[in-house]
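Visitor: Okay, sequence plus prediction incoming.
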Amino acid sequence: MCVHSTQEDNTTRYHALDQMTDKLFHLWEDHNKNSSMLTLANGFLSDEEFHIIFLFIIYTLQLINNCAIIANSLSIAVFIKLGFSEPSNISLTALAICDFTLAVLLTWNNLCFWLTYHNIRLPFHSANVSLLTGGAQWAFLSTTVAWITAFISFERCLCILVPLKVRRLITPRGTFVAIFIIILLTFCPSFFIYVRYKFVWVFNPYRNVTILNTIPVNSEFAILFEKISFVICGVIQPLLAFSIVLICTALLVVQLRKISSWRLSVTSAKSKREQPEENPAARSSAAKARISQKEERLVRKVVAIATIFIVSYVPTCIFLLCYVVFDEFNQFGVYRRLFTVSGYIISLGQPISGSVNILIYYKMASKFRSVFRRLVRLDRLEKERHELE
């Protein structure tokens, strides 16, 4: 641990224990106020601006995380009660489980950074350990959510474009397999980070204790492996999934407009004809219309989910592109503070999306709404309220 003097007599800056922390963080201790704060090295934001923004984002993010955990827990419970005979229920359940896990991982990261910020002494370096026990998993699981959303959008596109063949193409078993492959290719590579970094016990002379910390493995293979895995899993996969969701959502919106126009024209034509009695052909046409409307509601639900995902994921795409284009926009560069704040801001999009999805399910799916109301006993409460009145 190194001690550096600054221009101000009342401030002492301490470097953290390992090489990664030495590049990332500095501890500033204000003896006049008898308090310490964790900040990053000099960058785009000033000390005061960084501290204010950092704390505001941490508390805001945790509030949204709590909402996401509750909302996705309820969604998972409802989908389990609905069963998995429908392929859409399988994919939506997988999406809810991933959103729930993301919220839990973000909660762990927030707790670790909050502990580090307030310089709370623990038997491990909370900020660094969280990178290997939550940060990396969260980043890769975000890609999993993107690909599951892409799969759901693509599935609905097939239902619209090839409705006669989709039953054979999209089956419950096939959906399970597809979700498993998505998780295997997107989330499982997160454990490859242990090739580049490892846990070590480091002696802290200021506390006179040994604490758990992380250090980078500086072998050529580990560094090359990290660069390749980041390009593939951190840039190519998320941007490709985002592009698929964007294209499929556009196709679904166009098709929905066509269906609405066709239904309006058919309704207009029927209103001009007088049909005193409903013949079998008319009954068959009405049945088809009902089926079509059911499919349309499902498509609209998928479009709403995909639209929320697109809106929440656009900042992530911009963040990744800036990381690739600008050399100094990273955790070690000149704009390291801006990089950290931006990373936390874009992480708000995921729990917001996960929290809002349950509202879409409740609004657009009658079966989901019915089971949800029974689960939280809304019908019973309304019945008791009417009896009291």
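Guide: Great, that's in hand.

Visitor: Any idea how far apart the tips of stretch 185-195 sit?
Guide: Using Cα to Cα, to the nearest Å, the gap from the first to the last residue of stretch 185-195 comes to 17 Å.

Visitor: Tell me the buried residues in that stretch?
Guide: Taking 16 or more other Cβ atoms under 10 Å as the neighbour-count basis, stretch 185-195 is seen to contain the buried residues Thr186, Phe187, Pro189, Ser190, Phe192, Ile193. Just so you know, the C-beta spots here come from the backbone N, C-alpha and C atoms, and that holds for glycine as well.

Visitor: wait, doesn't Cys317 sit right on Leu239?
Guide: Yes - taking contacts as Cβ atoms under 8 Å, Cys317 lies within contact range of Leu239: 6.1 Å.

Visitor: List the ones among the buried residues of stretch 185-195 that fall in helices.
Guide: With helices taken from DSSP state H, the overlap with those comprises Thr186, Ile193.

Visitor: could the buried residues of stretch 185-195 be laid out in JSON lines, adding pLDDT?
Guide: JSON lines is the format used below for the buried residues of stretch 185-195 (pLDDT from 0 to 100):
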{"residue": "Thr186", "pLDDT": "90"}
{"residue": "Phe187", "pLDDT": "87"}
{"residue": "Pro189", "pLDDT": "83"}
{"residue": "Ser190", "pLDDT": "80"}
{"residue": "Phe192", "pLDDT": "83"}
{"residue": "Ile193", "pLDDT": "82"}
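
Visitor: Is it possible to get TSV of the buried residues of stretch 185-195 that adds distance to His51?
Guide: Output for the buried residues of stretch 185-195, formatted as TSV (distance: Cβ to Cβ, whole Å):
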residue	distance to His51
Thr186	35
Phe187	33
Pro189	34
Ser190	30
Phe192	34
Ile193	29
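
Visitor: Which member of the buried residues of stretch 185-195 is positioned nearest Ala139?
Guide: When the buried residues of stretch 185-195 are compared for distance to Ala139, the smallest value, 7.2 Å, is given by Ser190; criterion: Cβ to Cβ.

Visitor: residue contacts, the closest one?
Guide: Contact criterion Cβ atoms under 8 Å, 6 or more residues apart in numbering gives Ala136, Gln137, Ala139, Phe140, Leu141 as the residues in contact with Ser190.

Visitor: at 10 Å instead, please
Guide: Taking Cβ atoms under 10 Å, 6 or more residues apart in numbering as the contact definition, Ser190 lies against Leu132, Gly135, Ala136, Gln137, Trp138, Ala139, Phe140, Leu141, Thr143, Thr144, Ser229, Cys233.
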